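**Student:** Okay, structure incoming, though there's no sequence with it:
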Ligand code: FES
């Protein structure tokens, strides 16, 4: 059959192929696969009104151009996926102060850009494929219920095989390989972030159990409680009933590097301080200095900063979900979703009269984690 005949054969309306009122005899007719497909559809109440391959004559320049275009788009998606993986693993991600000349500022945007290009590439590739390679087809179907007969299943199998051939992947290995090369790295995009779960959270100094107030951050000496600007704090800096957010007095102590360390230093009234001292549980005994107490400012619910201190009732309110902690009773939760008390930081004064931490917190701060319900 010549190319022109192929074109004419493929392009003619399939309404002419079968008379839908005539019984189909596969043995007698020796039909082609397309005929079987049409018959299968007819039995399903689907009639093909128009069917026309995009490239009836294979291997034309136009077809090759379209194949190269789609292959290029899928390969671009694959490269973007690999770039995502490379950025995720190798790009500096730890927060640092500074402008956009700081590479860490580009970590999240680069992840978004590379992942966006990857998904966009796959989307554009699939769309181009459907628009430029899959045959043009118009079919109508009457809906009906009921199971399919055995012969209809065979016809369906033939239909699926025809779809596979129509997709062009069988005779276009370059396109098929390009799609595989594009999609395989995209799978990595979904899997690679799970690699972060492989890291031992208790390795590297066990960060879940140490904050910036650990003496090892200060050459073994007690760590001062300081303002955000690093100024140390004396008792007279806080009036009675007042409170102050303090940070560990070490380099970077007020940065995200020590995001678990913000602490609320509270100056209790005389009677409230006595009550706090009296109700101290064993872990908290000796943590109070005079009328001053210091509690973690990381909520034990999901980590918001409870900082709304009501001096009259000595309750500390977390603004996120309204948990309330009673400061005169070991900061136990008395309202809201939090179920654990806030950890207390043991404090005292150093030789120069500034507040220091006697030790690090004695328990992990913040919300629960899998080993600490
Ligand atoms: Fe504090 Fe939810 S984070 S109540």
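**Tutor:** Everything's here; your move. Note that the coordinates shown come from a computational prediction; the quantities given were computed from them, not determined experimentally.
**Student:** what secondary structure does residue 362 sit in?
**Tutor:** Here residue 362 is coil, with the state taken from DSSP: H, G, I helix; E, B strand; the rest coil.
**Student:** so the residue nearest to it when sequence neighbours are not counted, which of the three states?
**Tutor:** With sequence-adjacent residues excluded and distances taken as CB to CB, 6 or more residues apart in numbering, residue 362 is closest to residue 283, at 5.4 Å. (C-beta placed from N, C-alpha, C; glycine too.) Of the three states, residue 283 takes helix according to three-state DSSP.
**Student:** ok, what's across the strand from the closest residue to the ligand within the stretch 101-250 of the chain?
**Tutor:** The nearest approach of the stretch 101-250 of the chain to the ligand comes at residue 245, 15.6 Å away (CB to the nearest ligand atom). Assessed by DSSP bridges, residue 245 has beta-bridge partners residue 264.
**Student:** residues contacting it?
**Tutor:** 228, 262-265, 297, 307 (CB atoms under 8 Å, 6 or more residues apart in numbering).
**Student:** circling back to that earlier point, thought the residue nearest to residue 362 was touching residue 346?
**Tutor:** No: if you go by CB atoms under 8 Å, residue 283 and residue 346 don't touch, sitting 9.6 Å apart.
**Student:** What separation is there between the residue of the stretch 101-250 of the chain closest to the ligand and residue 238?
**Tutor:** 11 Å (CB to CB, to the nearest Å).
**Student:** intersection of neighbour lists for the two?
**Tutor:** residue 265.
**Student:** that older thread, anything in contact with each of residue 283 and residue 346?
**Tutor:** With contacts taken as CB under 8 Å, 6+ apart, the residues that reach both residue 283 and residue 346 are residue 362.
**Student:** out of these two, which sits in the more crowded spot?
**Tutor:** Legend: neighbour count by other CB atoms under 10 Å for residue 283 and residue 346, higher for residue 346 (21 against 15).
**Student:** if I pick the more buried one, what's in contact with it?
**Tutor:** 286-287, 357-359, 362.
**Student:** ok, now residue 316?
**Tutor:** Here residue 316 is in contact with 264, 295, 306-310, 324-325, 327, 331, 342 (CB under 8 Å, 6+ apart).
**Student:** rerun at 6 Å
**Tutor:** Contact analysis of residue 316 by CB atoms under 6 Å, 6 or more residues apart in numbering lists 306, 309, 325, 327.
**Student:** Looking at these, spot the one nearest the ligand.
**Tutor:** residue 306 (5.9 Å).
**Student:** The closest one belongs to a strand, doesn't it?
**Tutor:** No: using three-state DSSP, the assignment for residue 306 is coil, not a strand.
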